[in-house]
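[1] What shape does this take:
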Amino acid sequence: MASFPTPQWDLPDPRGAEPGEDLVAVGGGLDPGTLLASYARGLFPMELDVAAGIGGGRTLGWWSPDPRGVLELAQLRVSRSLARSVRRFEMSIDECFEDVMRACADPARPHGWITEDFVAAYGRLHELGFAHSVEVWRAGELVGGLYGVEIGGLFAGESMFHRARDASKVALVFLVERLRRCPGPRLIDVQWCTEHLASLGVVEIPRAAYLDRLPALVSSAPCLGEDLREGGE
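    Predicted coordinates:
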């Protein structure tokens, strides 16, 4: 695992943001050092006009939601129907990272925000060993997946997609099962909690509580990084 590259931009501490204010900074760039430092500090990038519904030009924003959507590994909810779906697919890690990103970036999806700049930037993080994808397969075809950034025990989920029913949920189940195998504190950050994510066990916590947990998480040993493929029964 490579060490953090030097950040090209100095981002503010989200503890200085007003309660309930999600946007912390505007501008900067997507170099690997800045990206990694931002996640370790409790921030993530998303273009301002997409995340906030602001028209006009595309401007990079740095966000730290209050409250924050998180998934405790022990709290994942797997319904009987989802458990059956898991057995119908094969899963892998880091087998086709860019393909997963581009599927998540499909312009036909509403509120798309993953531009070519993001694909290139997270591709660099993947090459450095910090960004990972989970792939879901059926009969050799990629039908779902997710990707995110792992720093120590923190997995910052960025986006997921599905081309078959339950495929994105299956990707999350596989990720959680994989992370549960590793010692040390672990947490999946999902940024904002939606009704769909809440049905899987995601909860909201105050931003301050999330930031308090980050030092122990990012100082833990990472869990992912090896190619792993498993099939259902």
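
[2] can you tell me which residues contact the residue nearest the centre of the chain?
    Centroid check for the chain by Cα atoms, centre = their mean gives residue 157 as the closest residue, at 1.2 Å. By Cβ atoms under 8 Å, 6 or more residues apart in numbering, the residues touching residue 157 are 146-148, 188-191. In this view, the C-beta of every residue, glycine as well, is placed from N, C-alpha and C.

[3] Can I get those in TSV including secondary structure and neighbour count?
    Listed next are these as TSV, based on DSSP: H, G, I helix; E, B strand; the rest coil; neighbours: other Cβ atoms under 10 Å:
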residue	secondary structure	neighbour count
146	strand	28
147	strand	26
148	strand	25
188	strand	23
189	strand	24
190	strand	24
191	strand	20
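
[4] Could I get the residues you listed in a markdown table, plus columns for pLDDT and distance to residue 89?
    Below are these laid out as a markdown table (pLDDT from 0 to 100; distance: Cβ to Cβ, whole Å):
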| residue | pLDDT | distance to residue 89 |
| --- | --- | --- |
| 146 | 98 | 13 |
| 147 | 98 | 17 |
| 148 | 98 | 19 |
| 188 | 98 | 20 |
| 189 | 98 | 24 |
| 190 | 98 | 21 |
| 191 | 97 | 25 |
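
[5] can you list those residues in a markdown table and add distance to residue 170?
    Below are these laid out as a markdown table (distance: Cβ to Cβ, whole Å):
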| residue | distance to residue 170 |
| --- | --- |
| 146 | 10 |
| 147 | 15 |
| 148 | 16 |
| 188 | 15 |
| 189 | 20 |
| 190 | 16 |
| 191 | 21 |
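
[6] I'd say residue 17 and residue 25 touch.
    No. The pair residue 17 / residue 25 is not scored as a contact, 9.1 Å apart, by Cβ atoms under 8 Å.

[7] returning to what we had before: report the beta-bridge partners for the residue nearest to the centre of the chain.
    The partner list for residue 157 in beta bridges (DSSP bridges) reads residue 148.
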